[in-house]
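In: my questions are about this predicted structure, shown below with the sequence.
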Amino acid sequence: MPDIGLRSTVMAAAAVLGLVGAFVLFLLDFGEASRLALAASTGAALAFLLIDIVAKLRNGDFGLDLIAALAMGSTLWFGEYLAGAIVALMYAGGQFLEAYAHRRADEGMSALLAQVPRTALRLLEDGLEEVPIPDIAVGDILMIRRGDVVPADGTLISDNASIDQSVLTGEAFPVRLSSGERIESGATNAGDAIEIRVERRAEDSTYSAIVKLVEASRRSKARIARLADRYAIAFLLLTLAIAAGAAILSGDMARIVAVLVVATPCPLILAVPVALAAGTSKAAKAGVLVKGAGPLEILADASVAVFDKTGTLTAGDPEVVSIDAPEGPDRILRLAASLDQASSHVVGRAIVKEAQRRRLALSRPTDVSERPGAGISGFVDGIRVSVGGDNYFTPDGRPSRPTEGKGRMQAKVFIDGRLAGEIGFEDRLRGDAVDLVAKLRKLGFGRIVLASGDERSVAAAIAGSLSLDAVEARLSPVEKVEVIARERLAGKRMGGKVLMVGDGVNDAPALAAADVGIAVGATNLAAAAEAADIVLIRNDLNRIASAIDIARRSRAIAVQSIFAGIGLSLVAMIFAGAGFLPPVTGAMLQEVIDVAVILNALRALR
């Protein structure tokens, strides 16, 4: 079946050309040719419509399209070609408007696939060669430069590596890996260039699996009927009853086409997309990009929210929150910060930033030795200083990331070989997160859940500070999808949909699986935007509450438009059935109804 955007464009063009051509032929006194042009444009629109109806019926869809098809078919049967062409134009215009709004909202949303590397550096006996990712084979040795994305799952050959897995796990801190440990595709090399041995082809690797999981989640997402379609069956039965009654009582079968023309659900077909498209436009001005009318309609029904932690509810940038040092915090902090000037680790940067905030005079470190992502040692003013996690100081010297304490990360500071203190870090809660949760409660959200890839102690601390209803920790992308499935049951009990908010590749499957997904954040926004239905352009969580307000108001206006359109069409059907409205006059009256209902729908812009 052709793309809906292309189909709607062709339908609209055929309807316009048919009317214009028929008018020109009429002026040139080619009456019969004019009628044939009108019939051809109606027939073309009807053909496209019937293809669409058959495809929808196979999927169990039943909507207002059938009424429009009956109206066009009846005009052709009874020779009311002008009325048919007008109906075709209005229907095609509504389809075009809806497709155009969706296409504009979806432009540029291909970042998830763009994140996948296209080439890799393969080591040969006589040097390096750049090869396409599909050409990588199991057993190949690849060089991963600083900042490069790992293209395929493999085993580290180099002595050690500092790997940023935030887009995969949501973890804010790079991890330290040793020779022989596994590296997953999609992670980024945060340290010096490393070598890995490929264990899986790129198409079978972790990142590829996440992309496939996103696609599967999209396919499995429950179909949401268009708002106007919910009233289609009742309206169709009423229309057929009035048309049949008019024909039987009057003995004039032509009354059927008169009734069907004014019953054509153009107000519903046009006004609902207009109201929701106006809502998406208003949301865009508020910094929220909504990918079409469907997600906006679903957002209006959301009553359960699931949040990622790192980069979503927190800033994704750790800060020093405690210094446990018997000899005085400033001395320990100054020595540690002086040493960490030589480190690019996020924990080291946090220590330096805190020392600068306290206006401490930092010295130049010497003889620095760093194990990326694990710890660092050197001399500051002739004093030997070491900063790192527990395992960095174990007898076997096996490095690891800084340790975790009570809901926070911690790093130990050793001076001349003795423990001098510990520095605690926290990925601070965003100030707008507190406001957002309060606003969601006021909007009727009965359940708000935290789903994080972090340790439970860290996730629980954030959930507790926000008074969330539940917390799920140490989750893989697949497990986040399982959380969405469980929360959907809670949503059904509350009579609403599930909203998922996240910022990274690890959130992408859950964003796609949720009834409506919102991508937020400043760092990994591009990675989640492909899978999400809505993208927060401005990094302000309060915009989510604004988007929900806009969605609910737009839907309310759309519902008003539906009932106004049905009411006005019902009155027109009664007059047509009584013989007071011939088909062409009825079609023109229908245009007046269309304009009135559309003007009402445009109130969603205000």
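Out: Okay, I see it. Numbering: from 1, shown residues only.
In: assign a three-state SS to Arg334, would you?
Out: helix (DSSP: H, G, I helix; E, B strand; the rest coil).
In: nearest residue to it in space, ignoring adjacent ones along the chain?
Out: Leaving aside its sequence neighbours, Arg334 sits nearest to Leu360 (CB to CB, 6 or more residues apart in numbering; 4.5 Å). Where you see a C-beta, it was placed from the backbone N, CA and C, and this is true even at glycine.
In: you'd agree the one you found is in a strand?
Out: No - Leu360 is assigned coil when assessed by three-state DSSP, not a strand.
In: now do it against Met409, distance only.
Out: To Met409, Leu360 is 21 Å away according to CB to CB, to the nearest Å.
In: of these two, give the one with the bigger neighbour count.
Out: Met409 (25 against 16; other CB atoms under 10 Å).
In: so the more buried one makes contact with Val320?
Out: No - Met409 is not in contact with Val320 according to CB atoms under 8 Å; the separation is 10.1 Å.
In: next SSE after the helix or strand of the chain with the lowest mean pLDDT?
Out: The least trusted helix or strand in the chain, going by mean pLDDT, DSSP states H and E, turns out to be helix 111-114, with a mean of 42. Moving toward the C-terminus from helix 111-114, the next helix or strand (DSSP states H and E) is strand 119-124.
In: which strands or helices does that following strand pack on?
Out: Judged by 3 or more CB pairs under 8 Å, 6 or more residues apart in numbering; DSSP states H and E, strand 119-124 is in contact with strand 127-132, strand 141-144.
In: lowest average pLDDT across the ones you listed?
Out: Lowest mean pLDDT within the helices and strands packed on strand 119-124: strand 127-132, at a mean of 85.
In: now the angle from it to strand 119-124?
Out: 150 degrees (axes from the mean of the first three to the mean of the last three CA atoms, to 10 degrees).
In: so what would you say the end-to-end distance of stretch 316-330 is?
Out: 25 Å (CA to CA, to the nearest Å).
In: can you list contacts of that stretch?
Out: The contact list for stretch 316-330, computed with CB atoms under 8 Å, 6 or more residues apart in numbering, reads 166, 172-173, 310, 331-333, 346-347, 350-351, 353-354, 358, 360, 408-409, 413, 420-428, 503, 521, 523.
In: strands along the stretch 451-600 of the chain, start to end?
Out: Assigned by DSSP state E, counting those that start in this stretch, the stretch 451-600 of the chain shows strands spanning 470-472, 497-502, 516-519, 534-536.
In: and these, which is most packed in?
Out: Looking across those with neighbours counted as mean count of other CB atoms under 10 Å, the highest average goes to strand 516-519: a mean of 30.
In: any residues touching that one, and which ones?
Out: 295, 298-299, 302, 497-503, 507, 510-511, 525, 528-529, 531-536, 544, 547.
In: ok, which stretches of the stretch 101-250 of the chain are helices?
Out: Assigned by DSSP state H, counting those that start in this stretch, the stretch 101-250 of the chain shows helices spanning 111-114, 166-169, 206-220, 232-250.
In: from Leu124, how far out is the closest residue to Asp204 other than its chain neighbours?
Out: With CB to CB, 6+ apart as the criterion, Asp204 has its nearest non-adjacent residue at 7.8 Å, and that residue is Asp153. Distance, Asp153 to Leu124, using CB to CB: 21 Å.
In: give me the more crowded residue out of the two.
Out: Of the pair Asp153 and Leu124, Asp153 is the one with more neighbours under other CB under 10 Å, namely 24 against 9.
In: doesn't Ala187 make contact with that one?
Out: No - with contact defined as CB under 8 Å, Asp153 and Ala187 do not form a contacting pair (9.8 Å).
In: hang on, the earlier thing: reformat the helices and strands packed on strand 119-124 as JSON lines; add mean neighbour count.
Out: Formatted as JSON lines, the helices and strands packed on strand 119-124 follow (neighbours: other CB atoms under 10 Å):
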{"stretch": "strand 127-132", "mean neighbour count": "12"}
{"stretch": "strand 141-144", "mean neighbour count": "20"}
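In: kindly reformat these as TSV containing distance to Ile462.
Out: What follows is the helices and strands packed on strand 119-124, written out as TSV (distance: least, CB to CB, whole Å):
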stretch	distance to Ile462
strand 127-132	42
strand 141-144	32
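In: among these, which is nearest Trp77?
Out: strand 127-132 (58.2 Å; CB to CB).
In: walk me through which strands that closest one pairs with, and which way each runs.
Out: strand 119-124 (antiparallel) (DSSP bridges).
In: spatially central residue for the protein, please.
Out: Ala532 (1.2 Å; CA atoms, centre = their mean).
In: surely it meets Leu511?
Out: Yes - Ala532 is in contact with Leu511 according to CB under 8 Å; the separation is 4.6 Å.
In: joint contacts of those two?
Out: With CB under 8 Å, 6+ apart as the test, Ala532 and Leu511 both reach Gly502, Gly517, Ile518, Ala519.
In: report pLDDT for the last one.
Out: Translated: Ala519. For Ala519, pLDDT reads 85.
In: now do the contacts for the residue lying closest to Glu130 once chain neighbours are set aside.
Out: Nearest residue to Glu130, sequence neighbours excluded (CB to CB, 6+ apart): Thr119, at 5.1 Å. By CB under 8 Å, 6+ apart, the contact list for Thr119 reads Glu130, Val131, Pro132, Ile133.
In: next, count neighbours for the last one.
Out: Read that as Ile133. As a burial measure, Ile133 scores 18 neighbours (other CB under 10 Å).
In: when you give positions from now on, start the count at 557
Out: Will do, 557 is the new start, and the previous item becomes Ile689.
In: from Val705, how far out is the nearest residue to it once chain neighbours are set aside?
Out: Once flanking residues are discounted, Ile689 sits nearest to Ala758: 4.7 Å by CB to CB, 6+ apart. Distance of Ala758 to Val705, given as CB to CB: 11 Å.
In: neighbour count winner among those two?
Out: Ala758 (21 against 17).
In: pretty sure that one contacts Val687?
Out: No - the pair Ala758 and Val687 does not pass the contact test of CB under 8 Å, sitting 10.9 Å apart.
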